[in-house]
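**Q** This is a predicted model, with the sequence first.
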Amino acid sequence: MKIDKSLYMFFLLTSASCFASVDVLIQDAQLLGSPTVSGDSLAFSVAASGQTVVLGAPLRNHVGNGYDSGALYVYDRVGTGWAQTINIAASDGAAFDYLGWAVDIEGDVIAAGASWANETGIKSGGVYMFRRTKTWAQEALIVPSDLPAEANFGHAVDLDEQSLIVGAPYIDEDVNAKGVAYIFRDVNGDWVQEARISPGDTNVNFAGAAVAIDGDYAVIGAPRDNGNGVSAGSIFVYERNAKGSWILMQRLVPDTPEPYSYFGNSVAIIGGTIIVGAEYSDQVGSNAGAAFVFDLSNNVWSQSQILTPNDPWAWTHFGGSIDMQGGRVVIGAYGDPNSNGGAYVFQLGDNGYEQTALLLASDGSYGDRFGNSVACGTEFVVTGAPHWSGKQGCGYVYDFYSPPLRGKRTGSKRPRFAKKIQRTTGQLRSGMSFEYFGNFNEHDYFVTSSDIEYYDAHEMANVLGSLLNREASLATINSESENEFIQSISTDLLWIGLSDLENEGNFVWDNGESFDWAGWGPDEPNKNGGTEDVVVMNWEYKGGTILGWSDWKEQHRYAQALIELDGESCVGDIDWDGDVDGDDVAITIDTYGEFGGSGDANHDGAVNVNDILWLLDFWGACP
């Protein structure tokens, strides 16, 4: 990375005031795959039934099937421990199938999505069914006859007795990636299609990103539904009538929808209760996430509760994954790349769902994505950490049939913003930082020090603007000279404020400025299957050519956020409160002697007496 050495750095976090004590549980077992290597992403998806666990490894290079063909790993409880029973791959698997992108198990049946399998066309997808008799064996490959290319059929799956629901969120119908869900029924080993559901109107995007089925109810998540704001999201609830037809009951959104919250990214249903994740919700902090409970009464679904952690932190993506069994709910919070991730357990009580435990990994480290996937088994919970140990991945099991032994964690009041975050193995703390590197045409530019997903980048601009009390957005690039200025600052991938999230094919700037100049790279924007709606500055050389701007997917892609603010910085105002005063001197004293510390007011690389003299020169209110 090429960045000007004159830096200001801010670490941000959010939390809530104190709550009742919560059990903090460390795993009872860690599930490793044999064989697995770095990059396999074991436990990207997880599922549990009875005393059996299945972990998906969609990036596994299975022997004979090719690169990223994918595989499944099955474990059974043996006494008080767990043993890997088998690892499974598709009999006709091929490179980039991603078998294990999604997985579920019901008794002796496993459904596994291979969302990029080239079955009816490129990346059309497929779902493999495996059944256990004496051992596990492939039973069927499900591929609807009308499946178009780029559908990603198998992106999400859910089993309930003889029923299977599958999401194909990238199918185009009227708009980009409107999405479709399919429902199948097991008839003596033949999986017969019962329904093809395309919910909503032209506002709907990404329907089928999450799916759940229970008895005669099916739930379809559409986190990119723009009906209540860009990517505010929705879910669609369907009911199977007496004739066997699936009929729309209701479209559900939170009582107070939030743009960019991604409501519907995860869903779960049991009986008359639905729980929905919104991993970018700002209910308790910037992209801290939330889960929404809906109950059925008199044939109407209504919001009854919002679930958030007792100790929320910004950027944790609580609600990124959800599962429930009986009165127990487990919710994943995989976090940003600077956090370890965690998972939370809630139990149904007299006053609704109450948090009873926080699940952590004893060997957790930054970027593990612990909580990326979660599942409830019989008296245990399993979580996935697909980026553990160089993205080799692993699963963790937590038993609930005996009282937890591990200690207590009590809530405490913490500041909304902090200059420095101390984090150790097993902690969920999540910090973000900005680097300030200069001004162009009376606009300040900042870049995040970490690569993050698009929705985090979008929210980071809001947070920085609020912190500094200035208009801020992901960068708007209006000229070749501005483009060259940015390139001179950083050659890394950078998110900018251009997208067509709201209207397919109509790229607009976040801050509303007119889009009349572009620095697109060769063959860009290309949509890459109709699903790339946000933009990065990409200075990679390919074939002797700089790629330039590229359209990209907003999830599972990482870049730094390039943030632009109106106006120029106030020289010496280290804490950005509008004046140069004793608070700035205190920061300099606190970081005295540190190389590149936040108290380096004159940007010479060292924090020393010269910085204090510099502050005195500019003492007073900012102009």
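**A** Structure received.

**Q** Check whether residue 474 really touches residue 495, as I assumed.
**A** Yes - contact criterion Cβ atoms under 8 Å: residue 474 and residue 495 qualify, at 5.8 Å. In this view, the C-beta of every residue, glycine as well, is placed from N, C-alpha and C.

**Q** Just give me the residues shared between the contact sets of these two.
**A** Common neighbours of residue 474 and residue 495 (criterion: Cβ atoms under 8 Å, 6 or more residues apart in numbering): 457-458, 561-562.

**Q** Sticking with the residue most central in space within the chain, tell me its helix or strand.
**A** By Cα atoms, centre = their mean, the mean C-alpha position of the chain lies nearest to residue 320, the distance being 5.5 Å. If you go by DSSP states H and E, residue 320 is part of strand 318-325.

**Q** Who are the packing partners of that strand?
**A** Judged by 3 or more Cβ pairs under 8 Å, 6 or more residues apart in numbering; DSSP states H and E, strand 318-325 is in contact with strand 266-270, strand 273-278, strand 290-297, strand 328-333, strand 373-377.

**Q** between those strands, which one is nearest to residue 342?
**A** When the helices and strands packed on strand 318-325 are compared by Cβ to Cβ, strand 328-333 sits nearest residue 342, at 5.1 Å.

**Q** Columns mean neighbour count and distance to residue 526 on top of the helices and strands packed on strand 318-325, output as a markdown table?
**A** Converted to a markdown table, the helices and strands packed on strand 318-325 look like this (neighbours: other Cβ atoms under 10 Å; distance: least, Cβ to Cβ, whole Å):
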| stretch | mean neighbour count | distance to residue 526 |
| --- | --- | --- |
| strand 266-270 | 25 | 29 |
| strand 273-278 | 27 | 30 |
| strand 290-297 | 20 | 35 |
| strand 328-333 | 28 | 32 |
| strand 373-377 | 27 | 30 |
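
**Q** export those strands to TSV and tack on distance to residue 195 and mean pLDDT?
**A** Below are the helices and strands packed on strand 318-325 laid out as TSV (distance: least, Cβ to Cβ, whole Å; pLDDT from 0 to 100):
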stretch	distance to residue 195	mean pLDDT
strand 266-270	16	98
strand 273-278	19	98
strand 290-297	20	98
strand 328-333	27	97
strand 373-377	25	97
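
**Q** Out of the ones you listed, flag the one nearest residue 233.
**A** strand 273-278 (6.5 Å).

**Q** So residue 443 sits against residue 563, correct?
**A** No - the pair residue 443 and residue 563 fails to qualify as a contact (Cβ under 8 Å) at a distance of 10.3 Å.

**Q** So for those two, which residue has more residues nearby?
**A** Using other Cβ atoms under 10 Å, the more surrounded residue of residue 443 and residue 563 is residue 563, with 28 against 17.

**Q** Which strand or helix spans the more buried one?
**A** Per DSSP H and E: strand 560-566 holds residue 563.

**Q** quick revisit: how about the residue nearest to the centre of the chain: what's its closest non-neighbour residue?
**A** Ranked by Cβ to Cβ, 6 or more residues apart in numbering and with sequence neighbours excluded, the top spatial neighbour of residue 320 is residue 279, at 4.3 Å.

**Q** Can you report how many residues lie near that neighbour?
**A** With other Cβ under 10 Å as criterion, residue 279 counts 30.

**Q** quick one, phi psi at it?
**A** Torsion angles at residue 279 (phi, psi; degrees, to the nearest 10) stand at phi -70, psi -10.

**Q** need the contact list for it.
**A** So residue 279 contacts 262, 265-266, 287, 289, 317-320 (Cβ under 8 Å, 6+ apart).

**Q** so which of those residues comes closest to residue 537?
**A** Nearest to residue 537 among the contacts of residue 279, counting by Cβ to Cβ, is residue 287 at 22.1 Å.

**Q** Model confidence score at that closest one, please.
**A** Residue 287 is assigned a pLDDT of 91 by the prediction.

**Q** okay but it is in contact with residue 455, surely?
**A** Yes - taking contacts as Cβ under 8 Å, residue 287 lies within contact range of residue 455: 6.7 Å.

**Q** who has more neighbours, these two?
**A** Between residue 287 and residue 455, residue 287 has the larger neighbour count (other Cβ under 10 Å), namely 30 against 21.

**Q** Against residue 164, how distant is the more buried one?
**A** 32 Å (Cβ to Cβ, to the nearest Å).

**Q** Okay, helices next: where are they in the chain?
**A** Taking DSSP state H as the test, the helices found in the chain are 388-391, 454-468, 480-489, 582-590, 609-617.

**Q** nearest to residue 236, of the ones you listed?
**A** helix 454-468 (21.7 Å).

**Q** Output the contacting helices and strands for the closest one.
**A** Using 3+ Cβ pairs under 8 Å, 6+ apart: helix 454-468 touches strand 9-12, strand 432-440, strand 443-448, strand 472-474, strand 494-499, strand 560-566.

**Q** swap the cut-off to 7 Å and go again
**A** Judged by 3 or more Cβ pairs under 7 Å, 6 or more residues apart in numbering; DSSP states H and E, the packing partners of helix 454-468 are strand 472-474, strand 560-566.

**Q** returning to what we had before: shouldn't the residue nearest to the centre of the chain be in contact with residue 278?
**A** No - with contact defined as Cβ atoms under 7 Å, residue 320 does not reach residue 278; the gap is 9.7 Å.

**Q** What residues of the strand holding residue 563 count as buried?
**A** Using 16 or more other Cβ atoms under 10 Å as the test for burial, strand 560-566 gives 560-565.

**Q** now do stretch 235-247
**A** For stretch 235-247, by 16+ other Cβ under 10 Å, it's 235-238, 240, 246.

**Q** Quick check: closest non-adjacent residue to residue 470.
**A** Residue 470's closest residue in space is residue 565 (Cβ to Cβ, 6+ apart), at 4.8 Å.

**Q** Can you name the residues bridging to the one you found?
**A** residue 444, residue 472 (DSSP bridges).

**Q** show me what contacts it?
**A** Residues near residue 565 by Cβ atoms under 7 Å, 6 or more residues apart in numbering: 443-444, 465, 468, 470-472.
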